[in-house]
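[1] pasting the sequence and the predicted model now:
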Amino acid sequence: MIEARPVSNERELEQILALQRENLARSLSPDEVASQGFVTVEHSLEILRKMHALEPSIVATDGRELAGYALVMPVECRAFLPVLEPMFARFERLGLNREKFYVMGQICVGPAWRGKGVFDVLYQAHRTRFRDRYTSTITEVATRNPRSMRAHARVGFEVIDRYRDATDEWAIIRWDWSLPTDAYR
């Protein structure tokens, strides 16, 4: 039975980091990157603690096992990960700072739970928990990650910008919570 809820302890933060390390693009074969997707940014336990202190991230658990996670990154986290500064600057240039949003810091589902609805469960938990305080969640996805692009579109994210940097081509995507839930299906 999959349960999605806010992170509740240090052990779960450590589980997030372990799953993250296993799914960094550099940890996967080219075939795995193409077929299973990947994550790009590596966090430290200290950074996760700081993020969690502002807004607890959401985890999906199957008993005591971590099935997946979806990191919450309020704009106040901007200074925690300097590698993301260009993303935040681009959000400002797009005028996104005029709305109350948070950044989906990263989402990852463990291999054993892929294709079983965990991704959607994580995002529905986000919407339920945060829609009273935020109007949307925004993130960017490498366009060479088609699995992630398709999954985000299925949930309700829309591409609002694309750009290329030194590492990849990125799609900035936004999930507008002012739309009714059934608009996504």
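    Nice, I can see it.

[2] low pLDDT regions in this protein?
    180-185 (pLDDT under 70).

[3] at 90 instead, please
    Where the chain drops to pLDDT under 90, the residues are 1, 23-42, 64, 81-86, 97, 105, 144, 147, 165-168, 178-185.

[4] can you give me the helices in the chain?
    10-23, 30-36, 45-54, 85-93, 118-130, 146-155 (DSSP state H).

[5] and for stretch 104-115, what's in contact with it?
    With contact meaning Cβ atoms under 8 Å, 6 or more residues apart in numbering, stretch 104-115 is reached by 2, 19-20, 23, 36, 39-41, 43, 51, 57, 60, 62, 65-73, 77, 118-119, 122-123, 126, 137-139, 148. Any C-beta I mention is one placed from the backbone N, CA and C, and that applies to glycine too.

[6] mark which of these are buried, thanks.
    For these, a burial check counting by 16 or more other Cβ atoms under 10 Å picks out 19-20, 23, 36, 39-40, 43, 51, 57, 60, 62, 66-73, 77, 118-119, 122-123, 126, 137-139, 148.

[7] so what's the gap between stretch 41-49 and the chain middle?
    Averaged C-alpha coordinates place stretch 41-49 at 14 Å from its chain's average position (Cα atoms, centre = their mean, to the nearest Å).

[8] same question but for stretch 87-107, I mixed them up
    13 Å.

[9] need the contact list for the closest residue in space to Val159 that isn't next to it in sequence.
    Closest residue in space to Val159, ignoring its immediate chain neighbours: Ala171 at 4.8 Å, by Cβ to Cβ, 6 or more residues apart in numbering. Going by Cβ under 8 Å, 6+ apart, Ala171 touches 140-143, 149, 159, 161-162.

[10] got it, and Asn145?
    Contacts of Asn145 by Cβ under 8 Å, 6+ apart are 33, 37-38.

[11] of these - the most surrounded one?
    Counting neighbours by other Cβ atoms under 10 Å, Gly37 comes out on top of those with 25 neighbours.

[12] what residues are bridge-paired with the most centrally placed residue in the chain?
    Nearest to the mean C-alpha position of the chain, by Cα atoms, centre = their mean, lies Gln106 at 2.8 Å. Residues in a beta bridge with Gln106, per DSSP bridges, are Leu71.

[13] what's the separation between it and Met73?
    Counting by Cβ to Cβ, to the nearest Å, the gap from Gln106 to Met73 is 8 Å.

[14] what's the answer for Arg129, then?
    Applying Cβ to Cβ, the value for Arg129 to Met73 is 14 Å.

[15] same thing with Met104?
    7 Å.

[16] repeat that for Glu42.
    Remark: distance between Glu42 and Met73 (Cβ to Cβ) = 14 Å.

[17] how about Gly156?
    For Gly156 relative to Met73 (Cβ to Cβ), the value is 19 Å.
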